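Undergrad: pasted the sequence and its predicted model underneath.
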Amino acid sequence: MTFTCGGISAVKELTIAGGRPADPTPAPYPVPRGVHAGAGGTSDGFDAKEIGLGAALVAGSVGTAYVISRRRAREDAG
């Protein structure tokens with residue numbers, strides 16, 4: 001078979017193999033042990049200060065969005 005790429009040609013013999021392996025790997029693969037669960041969910045590794053800061057950021061963004069939406073509603077009314 002002849003291949004051409006970027007103006008350069010090459011000739012290569014191809015052999016197409018068929019068939020299946022004698023001993024295929026079973027799927028799904030067996031798991032050697034159970035999974036690690038119960039690490040505490042989303043609060044694992046966070047202390048109260050970090051959780052409080054995250055809650056304050058979320059509350060601040062929701063409050064800002066509310067104020068901006070109310071301001072635009074008053075401007076549109078009139």
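TA: Happy to help now that I have it.

Undergrad: ranges for the helices of the chain?
TA: Listed in chain order, the helices of the chain (DSSP state H) span 48-77.

Undergrad: show me where it dips below the pLDDT cut-off.
TA: Scanning the chain for pLDDT under 70 picks out the ranges 21-27, 29-31, 35-44, 78.

Undergrad: what do you get if the cut-off is 50, keeping everything else the same?
TA: Residues of the chain meeting the criterion pLDDT under 50: none.

Undergrad: just give me the neighbour total for R71.
TA: 10 (other C-beta atoms under 10 Å). Where you see a C-beta, it was placed from the backbone N, CA and C, and this is true even at glycine.

Undergrad: same deal with F46?
TA: For F46, the neighbour count with other C-beta under 10 Å is 13.

Undergrad: cool, G63 as well?
TA: 10.

Undergrad: contacting residues around it?
TA: Under the criterion of C-beta atoms under 8 Å, 6 or more residues apart in numbering, the contact list for G63 is empty.
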